[in-house]
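>>> Sequence first, then the predicted structure:
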Amino acid sequence: MAEATYRESIELARESDQQTALVFALSGLAWLQARRGREQECRALAAEALELSPRLGTRLHEVWATAALGELELGLGDATRAAEQFERQQRLLRDLGITDVDLSPAADLVDAYLRLGRDGDAARLASEFSAAADAKGQAWSRARALRCAALLAPEAEITRLFEEAIGLHQRTPDVFETARTRLAYGERLRRARNRVLAREQLRAAIDTFERLDARPWSDRARVELAATGVTVRRRDPSTVDELTPQELQIAVLLSGGKTTRETAAALFLSPKTIEYHLRHVYQKLSIHSREELARAVAARVPEATSPTP
């Protein structure tokens, strides 16, 4: 749904020549596609946002686009390039006088530094981040700061720190960050040879990443899980059962004879959003027409095509 909203916003902004709205949507979609590992599109969106932002005087969007590129590189496993982007993000924030810890790339930069063997830089940054997060006192930043501390802590302290971080994550709606913390927890548990508990955290991380279509991160968690001696197959998204609730609702309405506009009206969405979701339904079911859609839905959801009263 977020992707459809961003795409619709980009299209409307281009049509109406609303440049500020355009750069907002470009940077937002770049960030979303970064998490999904959609490299080419993320880079193209971020490049356009980075070109527009200084010219329009909307430098905050430059921060977001830079963050998107950092997340992309981190997810793809290039810690060097990720660190470069996050360091650039830090400089942008400093130049703009923005001190809000929620915009800090510190949590991701600590991860990148540790992967590069820059433990001293990671420890210094984690300490600064923890102090800023504690000063703000909000669960989201404090949870991420605790994750950083846990990554650097001796084995005797990792359980306490990670469990405290997960408890704080549960007070926020950001399930992606929760999964990131569970992945980090599982990685540390595996290195401490606690394979049973590592598997529990890694499975939970994989489930969340797959629901979010965060492919690079689910792959990373799957590699870690395999290192504990367990292999998990990627979910096959080729059946109706794997459609999201909204995709299934749209498929049922369309297969029942409603038009795109009627379906949009029924769900309080735009026709373009319905078309976007329909393309995903077609891809997941490996079909190409409304007739095939009706057969696929009827085969698995027989009551879906019964006449409405």
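Sure, I can see it. As the structure is a computational prediction, the values presented were derived from the model and not from experiment. Numbering: from 1, shown residues only.

>>> which helices and strands sit right next to the helix or strand where residue 281 lies?
Secondary structure from DSSP states H and E places residue 281 in helix 271-285. Using 3 or more CB pairs under 8 Å, 6 or more residues apart in numbering; DSSP states H and E, the elements in contact with helix 271-285 are helix 2-16, helix 245-255, helix 260-267, helix 290-300. Bear in mind the C-beta positions are built from the backbone N, C-alpha and C, glycine included.

>>> Give me the angle between the shortest one and helix 245-255.
Spelled out, that is helix 260-267. Relative orientation of helix 260-267 versus helix 245-255 (axes from the mean of the first three to the mean of the last three CA atoms, to 10 degrees): 130 degrees.

>>> Report the rounded mean pLDDT for helix 260-267.
Mean pLDDT, helix 260-267: 84.

>>> Could you tell me the angle between the helix holding residue 281 and helix 260-267?
Using the same axes, to 10 degrees: helix 271-285 against helix 260-267 is 100 degrees.

>>> For the one residue sitting closest to the centre of the chain, report the pLDDT, please.
Of all residues in the chain, the one closest to the mean position by CA atoms, centre = their mean is residue 35, 4.1 Å from it. With respect to pLDDT, residue 35 has a value of 94.

>>> now for the strand or helix carrying it, which elements pack on it?
Assigned by DSSP H and E, residue 35 falls within helix 19-36. If contacts are counted by 3+ CB pairs under 8 Å, 6+ apart, helix 19-36 sits against helix 2-16, helix 39-56, helix 59-76, helix 215-227.

>>> Compare the ones you listed and say which comes out lowest on pLDDT.
Ranked on mean pLDDT, the bottom entry among the helices and strands packed on helix 19-36 is helix 2-16, at a mean of 87.

>>> elements contacting it?
Other elements packing on helix 2-16 under the criterion 3+ CB pairs under 8 Å, 6+ apart are helix 19-36, helix 271-285.

>>> what helices or strands is whatever helix or strand residue 196 lives in leaning on?
Using DSSP H and E, the element containing residue 196 is helix 195-211. Under the contact definition 3+ CB pairs under 8 Å, 6+ apart, helix 195-211 sits against helix 175-191, helix 215-227.

>>> State the mean pLDDT of the first one.
pLDDT averaged over helix 175-191 equals 96, rounded to a whole number.

>>> From here on, call the first residue 17.
Taking 17 as the first residue, the last one we looked at is helix 191-207.

>>> got the angle between it and helix 231-243?
On the basis of the same axes, to 10 degrees, helix 191-207 is oriented at 20 degrees to helix 231-243.

>>> how about helix 191-207: buried residues?
Along helix 191-207, these residues count as buried under the neighbour rule (16 or more other CB atoms under 10 Å): 192-206.

>>> which one of these is nearest residue 171?
Set against residue 171, the nearest of the buried residues of helix 191-207 by CB to CB is residue 204 (7.9 Å).
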